[in-house]
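Q: what shape does this take:
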Amino acid sequence: MKKVLLPLISLLLTFGASAATLKKARAANQQMKPMAIESSYEEFPFTYPIVALYDDANYKVPNFYVILSTSADTKYDGKTGTINAAPGSYTLILDLYNNVPEQVYLPSGTYKTLDDPDTPTPFGYASDYSMFNLYDPESGQISLLLDQGQDVVIERNEETGYYSISTLLEIEGDTYNLTYNGPLAFSSATERGTVYPQINHDVTADLNMGGIAFYQGVTEISSNGVSYYNLFDVSFDRTNGRMDSEGYNLVMMVAHKRVVKKADYQVMPGTYTKATNLDRDTWYPAREIDYMGYVVPFGSYIREMKIVGGERTYSYAYLKEGTFTVEDNGDGTYKGTLDAVSTLGYSVKCTWSGEITLNTDNATFPTTISDLTDDVELDFSKLDFGRIYHNGISGGCRTLVVDLGSPTGQDEGIQYGGDLLRMEFLVDPKDHLLYPGLYTVVPIRWNSNELAAGGTYEPMSLNKGYFNGNGAQVGTRYAHFENDRYCVYDMVGPAEAGSVFVETDDFENYKFTIDLEDDAGFKITGVWDKPIVYCYNPESINDDDIMGVEEIGSDSNGINVVVEGDNLFILNAGNEAVALYDVYGRLVLTTTADKMISTAELAKGIYVVKVKNTSVKVAL
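A: Numbering: from 1, shown residues only. Predicted coordinates for the structure are as follows:
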């Protein structure tokens, strides 16, 4: 597959195949004389269903057209209506009429010869197109129409969907019971039939030679990764999958978690079920599509390669329903099973095992800040409360920062492993509290120059997560403390899109319904329903001068300065005045201790923080 093929899925889910009309085989030579049949059996069984079509668009009473054969190599050309069969084989053609049930199957009953084929009635068959054929090596196709007045009896097992078909035919004075027992999977004759030959028997295969996993990238339909797993029962070229000898090749198109870094791609263990929406842990059923001027199989199928006259020939079983499993053996090899049904109704059962070669040539890996490897369902069970900070006005909005989990290690429950979420809410500059409503991540984040030039945000928004000029991560973002290590990040996902729904009745107990997406497309979701602690005094904010705040109540002892990214936190200092000096003693910043202090615009280096009578040296 080429890179351009994956985006075609969205079109394939929207547009159907072009309409067609049913082409029927005619009797060759119209020979009504008796034929010599090389069989002494009174019952003459047919084993392979070649065609099962229905047409409910061009007939007042819908037409069911069935071709059965004694040879698996018999082929039907839907464009011309001709049959190509192996020498010495036989076919039975039935041209039947009946109403089409909602689930599309041939109803059980006794079908009788139509008096007038141009005005068909239910439970009738057209004798002009219903015939018994012999494919003689010397004289070619010889046909014998079904006896006038003979019934065709159809019985369908409601549980299995299998059919039992029988009709009588007199040949050289002997009467033969032409029979068939097996599946019939009807498809519409007004839709394009398959171009590639189909396998018309059950398939059981042990694919024990391993295979290749071709990663196609992330689909826009479901934001999941898509791979083709090619599995074999014979040796093959591990660069392109070309088989070295006759055998089976199983191709499974599976949707799994997205992979955004080449090094993270691997075979994805799991149980996959059939679906056409490319949801995670599903496989896509087979169909034929037009691709760059060619018709190609698309989706999941098994094919059998045979060498005939020195040429490779392939026949296919397009998978329709079933379950596909993948297991990791833990030693670099994998195994699994397939229990499926083909579009013709045949069973396809496979076991597979071996080494899987990874191929990412068709995938594109975008550059992202996120180092997540999967979606995150937030776990706040270790936290008792969150914190909210006031961070001034920027872009025409007041910024209120909510920390669910302290980035500076103030929550013992997650210091050695746990989820953290910072949300940077943009509210109306007249609001001093975080009000209920739906807050959506801004479509564009302004940098400092753009803000200085007049860039503004809309209230009821969330600022994106990003790296600032000093390399620190700021804005709305997910992070995780590494398990068994003190306050060390091992995962970060900056918010790129999504929303947070805020609910509160008392502005102390908050419920946040979180539905965010990071810049790699991973989902960050969860619910917070606990109190938050104010790290500023909402009543003391002056709308005219956001730096003018009153005393909250502070303790001059035990003042602590914490650096987190490009933010400073002054702990145990209330709303005391804060001054920041560089190493040359120059004043570079003034604020108050109750705010989260952004140092994003400062150069990296050593600074001195002065709060009341306390001086603390920090490295930014």
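Q: and the longest strand belonging to the chain, what's buried?
A: Longest strand of the chain, by residue count under DSSP state E: strand 311-328. Neighbour-count burial for strand 311-328, with 16 or more other Cβ atoms under 10 Å as criterion, is recorded at 315-320, 322, 324, 326. All C-beta spots, glycine's among them, are computed from the backbone N, C-alpha and C.
Q: stretch 394-401 now?
A: Here stretch 394-401 shows 394-395, 397-401 as buried, counting by 16+ other Cβ under 10 Å.
Q: got those as JSON lines, with secondary structure columns?
A: Shown next, in JSON lines, are the buried residues of stretch 394-401 (DSSP: H, G, I helix; E, B strand; the rest coil):
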{"residue": "S394", "secondary structure": "strand"}
{"residue": "G395", "secondary structure": "coil"}
{"residue": "C397", "secondary structure": "strand"}
{"residue": "R398", "secondary structure": "strand"}
{"residue": "T399", "secondary structure": "strand"}
{"residue": "L400", "secondary structure": "strand"}
{"residue": "V401", "secondary structure": "strand"}
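Q: break the chain into its domains for me.
A: With domains defined by automatic domain parsing, the chain comprises 21-188, 203-359, 367-535, 547-620.
Q: what's the helix or strand for the residue nearest to L338 when sequence neighbours are not counted?
A: Leaving aside its sequence neighbours, L338 sits nearest to C350 (Cβ to Cβ, 6 or more residues apart in numbering; 4.2 Å). For C350, the host element (DSSP states H and E) is strand 347-359.
Q: run through who's touching that strand.
A: Residues outside strand 347-359 that contact it (Cβ atoms under 8 Å, 6 or more residues apart in numbering): 202-215, 229, 231, 238-239, 248, 250, 265-267, 302, 317, 319, 322, 329, 332-342.
Q: ok, 6 Å please
A: The contact list for strand 347-359, computed with Cβ atoms under 6 Å, 6 or more residues apart in numbering, reads 202-214, 231, 238, 250, 265, 267, 302, 317, 333-340, 342.
Q: of those residues, buried ones?
A: Going by neighbour count (16+ other Cβ under 10 Å), the contacts of strand 347-359 have 203, 205, 207, 209-214, 231, 238, 250, 265, 267, 302, 317, 334-338, 340, 342 buried.
Q: can you give me the helices for this protein?
A: Assigned by DSSP state H, the chain shows helices spanning 8-12, 448-452.
Q: ok, of the ones you listed, where does mean pLDDT dip lowest?
A: Mean pLDDT per stretch puts helix 8-12 lowest among the helices of the chain, at a mean of 36.
Q: how far does the longest strand of the chain sit from its chain's centre?
A: 18 Å (Cα atoms, centre = their mean, to the nearest Å).
Q: so it versus strand 347-359, what angle?
A: Angle of strand 311-328 versus strand 347-359, following axes from the mean of the first three to the mean of the last three Cα atoms, to 10 degrees, is 80 degrees.
Q: if we can go back for a sec, quick check: buried residues in the strand holding C350?
A: So, applying 16+ other Cβ under 10 Å, buried residues of strand 347-359: 348, 350-354, 356-357, 359.
Q: what are the pairing partners of that strand, and which direction each?
A: In the sheet, strand 347-359 lines up against strand 203-207 (parallel), strand 211-218 (parallel), strand 333-342 (antiparallel) (DSSP bridges).
Q: on that earlier part again, tabulate the buried residues of stretch 394-401 (CSV), appending pLDDT and distance to K530.
A: Shown next, in CSV, are those (pLDDT from 0 to 100; distance: Cβ to Cβ, whole Å):
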residue, pLDDT, distance to K530
S394, 83, 28
G395, 87, 29
C397, 91, 26
R398, 92, 24
T399, 92, 22
L400, 94, 17
V401, 94, 17
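Q: need the pLDDT of the closest residue to T175 other than its chain neighbours.
A: Spatial nearest neighbour of T175, excluding adjacent residues (Cβ to Cβ, 6+ apart): L168 at 5.5 Å. L168 is assigned a pLDDT of 90 by the prediction.
Q: swap in I37?
A: 44.
Q: so what's the residue count around S381?
A: The tally of other residues near S381 (other Cβ atoms under 10 Å) stands at 9.
Q: low pLDDT regions in the stretch 1-150 of the chain?
A: 1-41, 148 (pLDDT under 70).
Q: how about the strands in it?
A: Remark: strands assigned in the stretch 1-150 of the chain by DSSP state E, counting those that start in this stretch are 43-46, 48-55, 63-69, 75-76, 83-84, 90-97, 109-113, 124-125, 131-136, 140-145.
Q: cool, and the stretch 451-600 of the chain?
A: Under DSSP E, counting those that start in this stretch, the stretch 451-600 of the chain gives strands at 461-462, 466-467, 473-474, 477-481, 489-504, 509-518, 523-534, 560-564, 567-571, 577-582, 587-592, 597-598.
Q: okay if I get the ones you listed as TSV plus mean pLDDT and distance to P366?
A: Listed next are the strands of the stretch 451-600 of the chain as TSV, based on pLDDT from 0 to 100; distance: least, Cβ to Cβ, whole Å:
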stretch	mean pLDDT	distance to P366
strand 461-462	96	22
strand 466-467	76	16
strand 473-474	76	18
strand 477-481	94	18
strand 489-504	94	11
strand 509-518	97	12
strand 523-534	96	17
strand 560-564	78	28
strand 567-571	82	28
strand 577-582	86	38
strand 587-592	86	36
strand 597-598	85	28
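Q: need the ones you listed in JSON lines (columns: mean neighbour count).
A: Formatted as JSON lines, the strands of the stretch 451-600 of the chain follow (neighbours: other Cβ atoms under 10 Å):
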{"stretch": "strand 461-462", "mean neighbour count": "21"}
{"stretch": "strand 466-467", "mean neighbour count": "16"}
{"stretch": "strand 473-474", "mean neighbour count": "20"}
{"stretch": "strand 477-481", "mean neighbour count": "24"}
{"stretch": "strand 489-504", "mean neighbour count": "19"}
{"stretch": "strand 509-518", "mean neighbour count": "20"}
{"stretch": "strand 523-534", "mean neighbour count": "16"}
{"stretch": "strand 560-564", "mean neighbour count": "17"}
{"stretch": "strand 567-571", "mean neighbour count": "22"}
{"stretch": "strand 577-582", "mean neighbour count": "17"}
{"stretch": "strand 587-592", "mean neighbour count": "16"}
{"stretch": "strand 597-598", "mean neighbour count": "22"}
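Q: for the closest residue to D55 other than its chain neighbours, phi and psi?
A: Setting aside the residues directly before and after it, D55 is nearest to A189 in space (Cβ to Cβ, 6+ apart), at 4.1 Å. Backbone torsions for A189, taken as degrees, to the nearest 10, come to phi -70, psi -20.
Q: I'd assumed L53 was in contact with A189.
A: Yes - between A189 and L53 there is a contact at 4.2 Å, judged by Cβ atoms under 6 Å.
Q: between these two, who's got more neighbours?
A: Neighbour count, other Cβ under 10 Å: between A189 and L53, A189 has more, with 25 against 22.
Q: count the neighbours of P436 for me.
A: The number of residues near P436, taken as other Cβ under 10 Å, comes to 13.
Q: mind checking pLDDT for it?
A: 95.
Q: picking up where we left off before, of the domains of the chain, which is nearest I541?
A: domain 367-535 (4.9 Å; Cβ to Cβ).
Q: what about that closest one, start to end distance?
A: In domain 367-535, first residue to last residue: 36 Å (Cα to Cα, to the nearest Å).
Q: gap between it and the chain center?
A: 28 Å.
Q: contacting residues around A340?
A: 319, 322, 348.
Q: now do R387
A: 403, 533, 535.
Q: identify the bridge partners of the closest residue to the first one other than its chain neighbours.
A: What it means is D403. Once flanking residues are discounted, D403 sits nearest to R387: 4.7 Å by Cβ to Cβ, 6+ apart. R387 forms beta bridges with D403, V533, as assigned by DSSP bridges.
Q: thanks again, I'm all set now.
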